[in-house]
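*Asks:* One predicted model, sequence on top.
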Amino acid sequence: MLHGLAMDILMACSGVAPIVKSGGSADAVAALSKTLGRLEHQVTIAMPRYPSVDEAGLLLARRLTALEVQVGDQVMEATLFDSRLGSGVELLFIDMPGLFDQADPPGGDGQPDAAEGRRFGLFCRALAAFVDKREQSGNPLDAVHAHDWSTALLPFLLRDRDVRTVLTVHDGTHQGRFAKEAIDEIGLSWDDFHPEGLEFYEQINLLKAGVLAAKVVTTVSPSYAEELVQPGGGHGLDGVYRQRSDDLVAIVNGIDYARWSPATDPHLAARYDAEDVANKGRCKAALLHELDLPLEPDRPLLVALGPVSE
């Protein structure tokens, strides 16, 4: 806990750019954390230690004390590693043997499978233990910010703790729906298997549990917030979003201008800025050529980046 208005914030996610790319949320988490740091908040991004983390060439400092997660009669250890992004944001990697050693970050159009659900369920339990440990040490966190289904269980696990929780829904199509037997595999309580908890049509739904439990739920745009509460728009969870409508906040994704600036972007055919846009035409011509489209400089060209699905 920091003094004044500055907050000590834990970002829980499946990946952060440029270390691990796991969909658009990886870019959003990186940019948001960097901006919060500039506003003098203390931000730590927590994510699994995938094999690609070591391949990224980061300097990792192993913490001496591991966390323990009880699953039935078994005690699993979670080893913590500290590092830092070039922006100065702190990184916390969770290493649990047998979980992420050979796993890839979530992504793609397919729904997460049972193995992925177990991995991220245990990851969230390790993070809940980390939050508790901070509280017990007299240095509690001020806020925990989870992102999408992979960390949505965390606000649910922390629902009775004295910490503010936020869940951002970047993509409501992936919800973390698994057979109810996953309760035992993750080490959850069957007492929470009910409509106001984990249960969803005789399965567990991690995103639903997070939406119900988080103090605030955010989405990436006003239009997406409106879509989620409409029948069909919430992919089965529209009633849950309507139930939380007073706490559902739409915040448009920002952009990191230090990274995405036409004045410095190395990926452009030519660079330009607001003072001199002469080279913008060269960029347009290069894109038309790459897409094998007619070179017609006076015709408007609109480009959109986003998921394409039925």
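*Replies:* Yes, it's here. Residues are numbered from 1 along each chain as shown.
*Asks:* And Arg242, its phi and psi?
*Replies:* phi -70, psi -40 (degrees, to the nearest 10).
*Asks:* how close does it get to Asn205?
*Replies:* Between Arg242 and Asn205 the distance, using Cβ to Cβ, to the nearest Å, works out to 16 Å. Every C-beta, even on glycine, is put in place using the N, C-alpha and C of the backbone.
*Asks:* The two: which is more packed in?
*Replies:* Applying other Cβ atoms under 10 Å to Arg242 and Asn205 shows that Asn205 carries more neighbours, namely 23 against 14.
*Asks:* Got phi/psi on that one?
*Replies:* The phi/psi pair for Asn205 (degrees, to the nearest 10) is phi -130, psi 110.
*Asks:* For it, list each beta-bridge partner.
*Replies:* Arg177 (DSSP bridges).
*Asks:* switch to numbering from 38
*Replies:* Done: numbering now begins at 38, and the last item shifts to Asn242.
*Asks:* I'd guessed it sits against Gln212; true?
*Replies:* Yes - counting by Cβ atoms under 8 Å, Asn242 touches Gln212, with 5.4 Å between them.
*Asks:* Could you tell me which residues touch both of these two?
*Replies:* Taking Cβ atoms under 8 Å, 6 or more residues apart in numbering as the contact rule, Asn242 and Gln212 both touch Leu274.
*Asks:* Just the strands from the stretch 238-347 of the chain, written as ranges.
*Replies:* 240-242, 253-256, 285-287 (DSSP state E, counting those that start in this stretch).
*Asks:* Unless I misread the structure, Phe160 falls within a helix.
*Replies:* Yes - counting by DSSP: H, G, I helix; E, B strand; the rest coil, one finds Phe160 located in a helix.
*Asks:* outside of the helix or strand of the chain with the lowest mean pLDDT, which residues touch it?
*Replies:* In the chain, no helix or strand scores lower on mean pLDDT, DSSP states H and E than helix 88-92, which sits at a mean of 85. Identification of contacts with helix 88-92 by Cβ under 8 Å, 6+ apart yields 56-57, 97, 130, 137-139, 141-142.
*Asks:* Just the residues you listed: which are in strands?
*Replies:* Under the assignment DSSP state E, these contribute Phe130 to strands.
*Asks:* Could you dump the contacts of helix 88-92 into CSV and include distance to Phe118 and pLDDT?
*Replies:* Below are these laid out as CSV (distance: Cβ to Cβ, whole Å; pLDDT from 0 to 100):
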residue, distance to Phe118, pLDDT
Ile56, 12, 87
Val57, 14, 83
Leu97, 4, 92
Phe130, 4, 96
Phe137, 12, 90
Asp138, 14, 85
Gln139, 18, 74
Asp141, 19, 72
Pro142, 17, 74
